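Chemist: sharing a model that was predicted from the sequence below.
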Amino acid sequence: MTTTQVSARAPRIAGWLLAPLAWLLMTLLSSSIALAIYLMMLISPESHRLMSAQGPKMVLLWYTSIACAIAMWGYTVWLTIAFFKRRKNVVRHYILWLLLSVLLAVKTFAFSPVSDDLALRQLMFPLLATALLVPYLKRSKRVKHTFIQP
C-alpha cells in the first residue's frame, strides 16, 4: 500500500481537531514574537548593560530563558509540521508539548517577578487547554484515524 492510498483513507484535519491546531498555531505565533523580542534585547547594548548591573545570576537566568524559548519554539515548529503531515506520534508529542507549556507557566508563576494576576492568567490558559485537549486526543476515534502517517 502506498502513502497516497493511506492518506486517501485518513480523514482531513477538521472538526474538533481544529481546536488543537489553532492552539498550536497561536502558540507558534506568540512564541515567535517573544523570541523576536528576546533577540532584539540580545542585540541591544543597553539591555546588556542593564543586565550586567543586576549581577551574573540575572544574566544567567536571562540566557536560560532565551534558551528555553528557542527550544520551545523549535519544538512547536516541529510539532506543527508533524500535525499537518498527520504523523502517528503527533498525539503523544502534543500531550508532551501541552505539559511542557504548563510547566513553563508554573515556572513563570513561581520564579518570575510578575504580578500574581498576570502569572495566574498565563497559567490558566495552558491548564485549561491541557484539561480539555488531552482527553479528546486520547479517546477520539477521529484522532486515531487522522494521525496515521509513519
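Modeler: Perfect, I can see it now.
Chemist: show me what counts as buried in stretch 117-133.
Modeler: By 16 or more other CB atoms under 10 Å, the buried positions in stretch 117-133 come out as 119, 122-123, 126-127, 129-130, 133. C-beta: built from backbone N, CA, C; applies to glycine.
Chemist: distance to I37, pLDDT and secondary structure added to those residues, as a markdown table?
Modeler: Listed next are the buried residues of stretch 117-133 as a markdown table, based on distance: CB to CB, whole Å; pLDDT from 0 to 100; DSSP: H, G, I helix; E, B strand; the rest coil:
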| residue | distance to I37 | pLDDT | secondary structure |
| --- | --- | --- | --- |
| A119 | 18 | 76 | helix |
| Q122 | 16 | 79 | helix |
| L123 | 21 | 85 | helix |
| P126 | 20 | 88 | helix |
| L127 | 24 | 90 | helix |
| A129 | 23 | 89 | helix |
| T130 | 25 | 90 | helix |
| L133 | 27 | 88 | helix |
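Chemist: check which helix or strand Y63 maps to.
Modeler: helix 56-85 (DSSP states H and E).
Chemist: returning to what we had before: and which of the buried residues of stretch 117-133 is nearest to S65?
Modeler: Taking CB to CB as the measure, S65 lies nearest Q122 of these, at 13.8 Å.
Chemist: thought A110 was touching the closest one, still the case?
Modeler: No: taking contacts as CB atoms under 8 Å, Q122 lies outside contact range of A110: 11.6 Å.
Chemist: any weak-confidence spans in the chain?
Modeler: Applying pLDDT under 70 to the chain flags residues 1-10, 14.
Chemist: what about the helices in it?
Modeler: 3-9, 18-43, 45-53, 56-85, 90-111, 116-139, 141-146 (DSSP state H).
Chemist: need the winner for burial among the ones you listed.
Modeler: Ranked by mean neighbour count, the helices of the chain are led by helix 90-111 with a mean of 16 (mean count of other CB atoms under 10 Å).
Chemist: who's in contact with the closest residue to P11 other than its chain neighbours?
Modeler: Nearest residue to P11 in three dimensions, chain neighbours excluded: T146, at 5.1 Å (CB to CB, 6 or more residues apart in numbering). Residues near T146 by CB atoms under 8 Å, 6 or more residues apart in numbering: 10-13, 17, 86.
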